[in-house]
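Q: Test case, fold it:
(5 chains)
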Amino acid sequence: MQITPKVKEILSWYEGENPGVKGNLVRLLMHGRLAGSGKLVILPVDQGYEHGPARSFAANPPAYDPHYLYQLAIDAGLSGYAAPLGLLEQGADTYAGQLPTILKMNSANSLSATAPDQAVTATVKDALRLGCVGVGFTIYPGSDACYAMMEELRDIIYEAKSDGLAAVVWSYPRGGKVTKETALDISAYAAHMAALMGANIIKVKPPTDALDLEAAKKVYEAEDIDRSTMAARIRHVMQCAFAGKRLVVFSGGEAKDTEGLLNEIRQIRDGGGSGSIIGRNSFRRPKADALALLDEVIKIYLNEA
Amino acid sequence: MQITPKVKEILSWYEGENPGVKGNLVRLLMHGRLAGSGKLVILPVDQGYEHGPARSFAANPPAYDPHYLYQLAIDAGLSGYAAPLGLLEQGADTYAGQLPTILKMNSANSLSATAPDQAVTATVKDALRLGCVGVGFTIYPGSDACYAMMEELRDIIYEAKSDGLAAVVWSYPRGGKVTKETALDISAYAAHMAALMGANIIKVKPPTDALDLEAAKKVYEAEDIDRSTMAARIRHVMQCAFAGKRLVVFSGGEAKDTEGLLNEIRQIRDGGGSGSIIGRNSFRRPKADALALLDEVIKIYLNEA
Amino acid sequence: MQITPKVKEILSWYEGENPGVKGNLVRLLMHGRLAGSGKLVILPVDQGYEHGPARSFAANPPAYDPHYLYQLAIDAGLSGYAAPLGLLEQGADTYAGQLPTILKMNSANSLSATAPDQAVTATVKDALRLGCVGVGFTIYPGSDACYAMMEELRDIIYEAKSDGLAAVVWSYPRGGKVTKETALDISAYAAHMAALMGANIIKVKPPTDALDLEAAKKVYEAEDIDRSTMAARIRHVMQCAFAGKRLVVFSGGEAKDTEGLLNEIRQIRDGGGSGSIIGRNSFRRPKADALALLDEVIKIYLNEA
Amino acid sequence: MQITPKVKEILSWYEGENPGVKGNLVRLLMHGRLAGSGKLVILPVDQGYEHGPARSFAANPPAYDPHYLYQLAIDAGLSGYAAPLGLLEQGADTYAGQLPTILKMNSANSLSATAPDQAVTATVKDALRLGCVGVGFTIYPGSDACYAMMEELRDIIYEAKSDGLAAVVWSYPRGGKVTKETALDISAYAAHMAALMGANIIKVKPPTDALDLEAAKKVYEAEDIDRSTMAARIRHVMQCAFAGKRLVVFSGGEAKDTEGLLNEIRQIRDGGGSGSIIGRNSFRRPKADALALLDEVIKIYLNEA
Amino acid sequence: MQITPKVKEILSWYEGENPGVKGNLVRLLMHGRLAGSGKLVILPVDQGYEHGPARSFAANPPAYDPHYLYQLAIDAGLSGYAAPLGLLEQGADTYAGQLPTILKMNSANSLSATAPDQAVTATVKDALRLGCVGVGFTIYPGSDACYAMMEELRDIIYEAKSDGLAAVVWSYPRGGKVTKETALDISAYAAHMAALMGANIIKVKPPTDALDLEAAKKVYEAEDIDRSTMAARIRHVMQCAFAGKRLVVFSGGEAKDTEGLLNEIRQIRDGGGSGSIIGRNSFRRPKADALALLDEVIKIYLNEA
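A: Purely as a prediction, here's the structure:
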């Protein structure tokens, strides 16, 4: 399949990157049912790390098997699959070349009581040998660990891009002065910081209409920034990502009912978001239900629903 | 355009540097409308990092687009443009060779509640591949993190200068025993410390007539150091930067009214300051207004206003 | 001075390079009297190495002093100056920022009786600390040493470009099966190999209408490749440099009479050559004569003569 | 001038050092008016870092210019000059080879409120390229940071001596259990620890007759250690520096009146101290006064006053 | 002793060097009886390596002892002493700080039958730990090994200068197309190549009035380069060393009678040579004779004979 004008336009936003990085962005943007549309739906599975296995997989036991997750992403026609080292390794050989993968480089766990932080649990070299299109990394702006996390990210981005891999950044403000993690000013700020760090693809949470920081609140009100609908808020976040010149995908957030999820996704689309990254809401359902849901999601991004 | 006697004189102050560093200082000093005058007006854009995107760009939405910032600096005939990695990358190819750029190597954010600190978010190698004339780095003397920040700066200065890049230091006392960040003794001390670290260009805030440290207050009074006007205070800061043998540029500070800003700049000029670094006061205005303002600023430094 | 459409077009040919390399190409293309024209006239001084000092400088003794060579290139309004380490060091501080320089990384000498080869006599780090826009390197395709030389070149190009420096390659077939070093098929082949190695700027000798290799001769005749005039031959060499998408400059060759030289340069211009690299024919003349000659050369490239 | 028996004797104490370190000790011991005497008077200028520029230089404004400090040390015939990176760089080329210099590797500032600590602001490589005879480093035994500082010192001493540079240690107990920084037991302990770390030259403060640590007090009294005069106390400190087999120089301390200072120096001499390191008391006076004072100091050490 | 205007002028020729290198040149130029004159007489002892010990020392057996050689250079008031690793090590501690030393980094031997080459037998780190002012290196331009030797030299020069050490190059054309090693064109070429490599001090042989290379012969005759006297030839060699802006010292060559040697040295002086490097002619004589001879040599350079 030939690269589309939409994908060409997206590549033009990444003028600072080498052809290796651009080629991997193309691999992602030209894969699955959304190929060529400029939209992405990615399956992320790091909940086992974050919340433990039973909370993640007991509702749909076949998902305990890493092959299930690869197969789900393939069967649903998703754009790619992001997971920590062990999950990717258990399947990377079987599914070699069948699905763009993103090696999630760091992970937190629910047992730790430190300031929000994560362990870097893989190397860029792992991503290369596993045939990934990119690496994923979480930062927690606001956390007492945030400057150290950003410096880890800098090293990983530098090495990954030098080796032609795309950089995906989960930007999740947490700790410090943050009291409402999904407030609009916080989500927009999160997206902007990830862009400044050099992220190719940014993942943030869909913002609520709340505002958190006092200094920001004044500006949002003075400038009358529209936050009345999710679509308007998404539009603002995209603007904060270099005037929409970065791919920004939104998480599904907490498991919720299907209609609520699809409505949210319609608004992400209407606000110009680049797509969704849907974990719990897909792999915790029986496979048939998950495929049905993802089919709906994809249709929304294809403007067929 | 040929190098001027003024620029030659400035180079003579940098006897410790190799020809690569000197050549990059020339590139900065011989660019834009102030070329050859020995004065500098630089556009810095790290407010998106420091304060979030809406506080930085909502007042003038075209500025969300990184290309706008490059173009503003070019259209205004500024000496150079300083920004974090992501902002420079989105434009470095399009504007290659058209504008001296400074890679801002570290950045803070408004979400963090730690002692004043910043994350190092780029490498010297990035500055080389992006064709920058230098690297920029912020230190917060006084902060509990200040010794660590200074050690990061030392490593970056050493590597950058070895590779022929100029070193620009933002010296912003904060935390510790500092209670008045813009007091005259504090600004002068900030400039001096940056010079001792090996900074080629120093950025400090225009000082007020306040004094902060008790021990300093006694000396300022005993020696009757003139602090009655901004020009006198600037003169003192320049003296503290190796008897005026370092380039010191002053920030515009908080967004303020035009006349207040221009008066301040006239005094910076009268006090022998090397120029201004004007961020918020330029990119937050509509472009026409920003260009008009910067035209005034440049005329002041050219002694035409 | 603003970058011209012609220079922008030239940059578009170098899509594989980072902004650092492009910025240094701009510095070269926007310097001197040819700034913006897309043409280059460069002063190279490695004859002292190649032929010894008296053969190089005795005819015009002031040229024994390295400062003379910098000043000649500046006074003549040339695009740049290329020389070995010692020559550049003796002047790099005095002339810092006043003239684009190219560090010639390897040099041969007339005393050696080995297969054509050169010693690598500088490092890429030297080029950075001396503030050069690029590095220069000679290969002798055909020589028994040619594969080793090409491997040296590969290492230097990789390091130089990573650090934002442009790569200039002197491609001089010599030894092996080469019997006529300036035959058209040989010069064209030389330019093509340099382009294949990643050269940003290629230096070859102006080709004669001879053909050297039997297998090539057949094709040149079968395809009726025009080699009747120098302009036609230059056109062919440019075509062999990626359809004219590489900067190719031509040496002046042996010292010759002025009119002969200027006629040749008119043909280089008419054939679409990117410019000239003129050593012996300039620095061996008294300065006034040299400036008069270079003035003529520049006028030709500006289409004023 | 030929090396003297006294200097030869001093070298014999440094049997563990390589010829490079010994050669640099000779350069220091054979320079200036005290050359060959075995005594040292060194100009240290880190007060600008420690106390800010106005407190350091406002009393004698020419001293704001780094060249003034080099020239003062030369004109006074001192043994050497110690300063942080920026100060040395601004003059190292002009005064190359004219004065032994010591690169002060770490510095504190008056703005910080942490446990006593300093930032390492230079590298051993800087000392080599600047042509220094040695490196200087401050430790604060007692501070919560003291073990980390000692480990930094270990690394620097190891690298510096491997490269033939002498190690000068400022040993200033501060923080922790220290309540009287200049008590005799504290100063003696400070000198001893520096010797144990491998210092070639040790700088401590002239001790008072106070005792600080309880456990020490008992011994000083039981053993009846003479602390009745400054000379006696200096003798004790020297004894604690490997039975006098280390060069120990004493600071002048707070700016004080001339006669008080000279009396103290006479006692340092009488107690067998190796010399003085005189900063504030020299560069804060008008140059003529400073030269007159230093002339007196040198005469004392030459036993001429 | 204060640095003289002559030495300041010499330093100005070395604008490309850091203060460490300049400082070491000062140490050499300000040592011994020629201190401050801008002239150098250096004792080199690598004949033991080159010709074997008996040919070197049997004529004056005390010279078998390395301490003898140090003491000879000191007693004669020479500028410095150059020798291979072992010789310097045996004495470096005893004579630490008493004499500028140059570590000769490579050496040939008379047993080898390969193309002229040398083994690199020491490291730059050795020079630092031994307290040397510089490193010495021989190249044999013309030899089949010459390109490899030049590349070794490049690495050593780069490291040595970075560490503040001066670079001394013995440039001895040999092999290849060279038939008369001391022909004027060959010596001049040798000096020029060493300068191009970055040598701070160049050692060549005093040239005869012969010419060797055909192409050079034509130029020497056409340009009527004066080679009628040794002084004229020396003047030409100096001109070929960057218009006299490099220190060039001349070897004494084969052991010869005293008057012949002194006459030659008078001509070296008259031709503007920087001095002599006298090995065999000094250490193979009884010490009293050697001192008498060196006294004469020094008087010549002091214009006292």
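Q: Where does pLDDT dip in chain A?
A: The model of chain A has pLDDT under 70 over residues A:253-255.
Q: relative to its centroid, which residue of it is most remote?
A: In chain A, the residue that sits farthest from the middle, by CA atoms, centre = their mean, is residue A:222; the gap is 31.3 Å.
Q: longest helix in chain A, by residue count?
A: Criterion DSSP state H: the longest helix present in chain A is helix A:146-162.
Q: And the contacts of it?
A: Residues outside helix A:146-162 that contact it (CB atoms under 8 Å, 6 or more residues apart in numbering or on different chains): A:17-18, A:21, A:105-106, A:117-118, A:120, A:124, A:127, A:134-135, A:137-140, A:143, A:166-167, A:169, A:175-176, A:197-199, B:85, B:109, B:111-112, B:114, B:117-123, B:125-126. No exception for glycine: its C-beta is placed from N, CA and C like everyone else's.
Q: All the strands of chain A, residue numbers only.
A: Assigned by DSSP state E, the strands in chain A fall at A:40-44, A:80-83, A:101-104, A:106-107, A:119-120, A:134-139, A:166-171, A:201-204, A:247-251, A:275-277.
Q: Now do the second one: which elements does it pack against?
A: Okay, so that is strand A:80-83. Where contact means 3 or more CB pairs under 8 Å, 6 or more residues apart in numbering or on different chains; DSSP states H and E, strand A:80-83 is packed against strand A:40-44, helix A:66-75, strand A:101-104.
Q: hey, which of these is tucked in deepest?
A: Across those, the average number of neighbours (mean count of other CB atoms under 10 Å in any protein chain shown) peaks for strand A:101-104, which reaches a mean of 28.
Q: Against which helices or strands is that one packed?
A: On a contact count with 3+ CB pairs under 8 Å, 6+ apart, strand A:101-104 meets strand A:80-83, helix A:85-92, strand A:134-139.
Q: got those as TSV, with distance to residue B:99 and mean neighbour count columns?
A: Formatted as TSV, the helices and strands packed on strand A:101-104 follow (distance: least, CB to CB, whole Å; neighbours: other CB atoms under 10 Å in any protein chain shown):
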stretch	distance to residue B:99	mean neighbour count
strand A:80-83	37	26
helix A:85-92	42	19
strand A:134-139	30	27
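Q: Residue D:3 is nearest to which of the ones you listed?
A: With CB to CB as the measure, strand A:134-139 is the member of these nearest residue D:3 (60.9 Å).
Q: Send me the closest one as PDB with only the CA atoms.
A: C-alpha atoms of strand A:134-139 as PDB (Å, rounded to 0.1, in the frame of the first residue of the first chain):
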ATOM      1  CA  GLY A 134       9.900   2.600  18.800                       C
ATOM      2  CA  VAL A 135      10.400   2.900  22.500                       C
ATOM      3  CA  GLY A 136       8.000   4.100  25.100                       C
ATOM      4  CA  PHE A 137       8.700   6.000  28.300                       C
ATOM      5  CA  THR A 138       6.600   7.500  31.100                       C
ATOM      6  CA  ILE A 139       7.400  10.800  32.800                       C
END
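Q: helices or strands up against it?
A: If you count contacts as 3+ CB pairs under 8 Å, 6+ apart, strand A:134-139 packs onto strand A:101-104, strand A:106-107, helix A:124-129, helix A:146-162, strand A:166-171, helix A:184-197.
Q: relative orientation of it and strand A:40-44 in degrees?
A: 70 degrees (axes from the mean of the first three to the mean of the last three CA atoms, to 10 degrees).
Q: Can you give the strand pairings for strand A:134-139, parallel or anti for each?
A: Using DSSP bridges, the strands paired with strand A:134-139 are strand A:101-104 (parallel), strand A:166-171 (parallel).
Q: Residues of the stretch 151-300 of chain A that sit close to chain B?
A: Selection of the stretch 151-300 of chain A residues close to chain B by CB under 8 Å from any CB of the partner chain yields A:151, A:153-154, A:158, A:173, A:175-178, A:185-186, A:188-189, A:191-193, A:195-199, A:213, A:215-216, A:219-220, A:223, A:225, A:236, A:239-240, A:242-243, A:245.
Q: Buried by neighbour count, from those residues: which ones?
A: Among those, those scoring as buried are A:151, A:153-154, A:158, A:173, A:175-176, A:178, A:185-186, A:188-189, A:191-193, A:195-199, A:213, A:216, A:219-220, A:225, A:236, A:239-240, A:242-243, A:245 (criterion: 16 or more other CB atoms under 10 Å in any protein chain shown).
Q: If the spatially most central residue of chain A is in a bridge, with which residues?
A: Residue closest to the mean C-alpha point of chain A, counted by CA atoms, centre = their mean, is residue A:203 at 3.7 Å. Residue A:203 has the following beta-bridge partners by DSSP bridges: residue A:170, residue A:249.
Q: Name all residues that make contact with it.
A: Contacts for residue A:203 (CB under 8 Å, 6+ apart) come out as A:168, A:169, A:170, A:171, A:248, A:249, A:250, A:251, A:277.
Q: pretty sure residue A:192 is touching residue B:48, no?
A: Yes - applying CB atoms under 8 Å, one finds residue A:192 in contact with residue B:48, separated by 5.3 Å.
Q: before we move on, back to that, out of the helices and strands packed on strand A:134-139, which comes closest to residue A:289?
A: From the helices and strands packed on strand A:134-139, taking CB to CB, the stretch that ends up closest is strand A:101-104, at 24.0 Å.
Q: mind checking how far that closest one is from the chain centre?
A: Relative to the centre of its chain, strand A:101-104 is centred 11 Å away, using CA atoms, centre = their mean, to the nearest Å.
Q: Nearest residue to residue A:228 in space, please, no chain neighbours.
A: Leaving out its chain neighbours, the residue that sits closest to residue A:228 by CB to CB, 6 or more residues apart in numbering or on different chains is residue A:209, at 7.1 Å.
Q: wait, I meant residue A:213
A: Among residues not flanking residue A:213 along the chain, residue A:185 sits closest, at 5.7 Å (CB to CB, 6+ apart).
Q: check contacts around the one you found.
A: A:211, A:212, A:213, A:216, A:217, A:220, B:52, B:54.
Q: Adding distance to residue C:262, write the helices and strands packed on strand A:101-104 out as CSV.
A: CSV is the format used below for the helices and strands packed on strand A:101-104 (distance: least, CB to CB, whole Å):
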stretch, distance to residue C:262
strand A:80-83, 62
helix A:85-92, 66
strand A:134-139, 56
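Q: in stretch A:197-212, what counts as buried?
A: Neighbour counts over stretch A:197-212 (16+ other CB under 10 Å) mark A:197-208, A:210-212 as buried.
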